[in-house]
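Colleague: give me coordinates for this.
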Amino acid sequence: MSFLRVTVLFVLFGLCGSALVAQERFIRPVDEASKDASFLAFRNRLITAVDKKDARYIYSIVDPRIQLSFGGDAGLATFKRVWKLERANSEFWKEFGLVIRNGGRFINEPNAPKQFAAPYTYSAWPDDLDSFEHLSIFGFDVNLRERPSTDSRVLGQLSYNVVRVDTSKSVTRKAGGRELGGFTWYYVETLGGKKGYVSADYVRSPIDLRAGFERKRGAWRMTYFIAGD
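Modeller: Okay, here's the model as predicted:
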């Protein structure tokens, strides 16, 4: 093989490798709820309960042994104490609303009852992407900005892209000069190399809050509402 041919092949392999490295990945919405009419009706009722802040109904569908953390927090009494649904400003309504309105998948395990996991950013997350290193853009045509401000120049739009976050450049949530935890703006980079700021409302981790539902004795119950791994 001539030196020229070897050189050309080397360059071609290098270009192919660069293309693979620069390839965008996406976590697009998936919703299998319509595959089971009973679950679809149940979820519609849940969404109505969220809209009306119907604590009584939510409590009625919580499994007595619901899992709430990986540290042993569980049970209906703990759920009531943690989320305090009777309070109008309970964070549950916002957080659970995001979970239940954003799709999901049925999980079919051998010798196990039928289960549904929501949202899609959890149940449709691919196994080959590290859930601690990657997040997903949680929306369509989300503005990617030059600086962390709605007045900043728009560099482009992202739709369901997988991203990495640089927390050192991201903007923490503050009030009265105090840091409250979490972020208002994320500095992100897509796997294809696009960089910029995105409002934290449009970035979600696969291990953010998610919910699991299981059909027990003919009725659907929420068996976990949990974050982390």
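Colleague: going forward, measure contacts and count neighbours with C-alpha atoms only.
Modeller: Fine.
Colleague: show me what the top strand by length along the chain is in contact with.
Modeller: The strand of greatest length in the chain, counted in residues with DSSP state E as the criterion, is given as strand 178-190. Outside strand 178-190, the residues that touch it by C-alpha atoms under 8 Å, 6 or more residues apart in numbering are 24, 148, 161-167, 169-174, 194-201, 203.
Colleague: what's the helix or strand just after it packed up against?
Modeller: Downstream of strand 178-190, the next assigned helix or strand under DSSP states H and E is strand 195-199. In this structure, strand 195-199 packs against strand 142-145, strand 178-190, with contacts taken as 3 or more C-alpha pairs under 8 Å, 6 or more residues apart in numbering; DSSP states H and E.
Colleague: from the contact counts, what lies against whichever helix or strand comes after strand 195-199?
Modeller: Sequence-wise, the next helix or strand beyond strand 195-199 is strand 203-204, with elements assigned using DSSP H and E. Secondary structure elements in contact with strand 203-204, counted by 3+ C-alpha pairs under 8 Å, 6+ apart, are strand 135-137.
Colleague: now the strand it packs on: mean pLDDT?
Modeller: Model confidence over strand 135-137 averages 98 on the pLDDT scale.
Colleague: do stretch 160-168 as well
Modeller: Averaged across stretch 160-168, pLDDT comes to 97.
Colleague: distance between that stretch and the chain's centre?
Modeller: Shown here is stretch 160-168, whose average C-alpha point lies 13 Å from the average C-alpha point of the whole chain (C-alpha atoms, centre = their mean, to the nearest Å).
Colleague: ok, and what's touching it?
Modeller: When contacts are taken as C-alpha under 8 Å, 6+ apart, the neighbours of stretch 160-168 outside the stretch itself are 24-28, 133-140, 186-191.
Colleague: okay then, goodbye and thanks.
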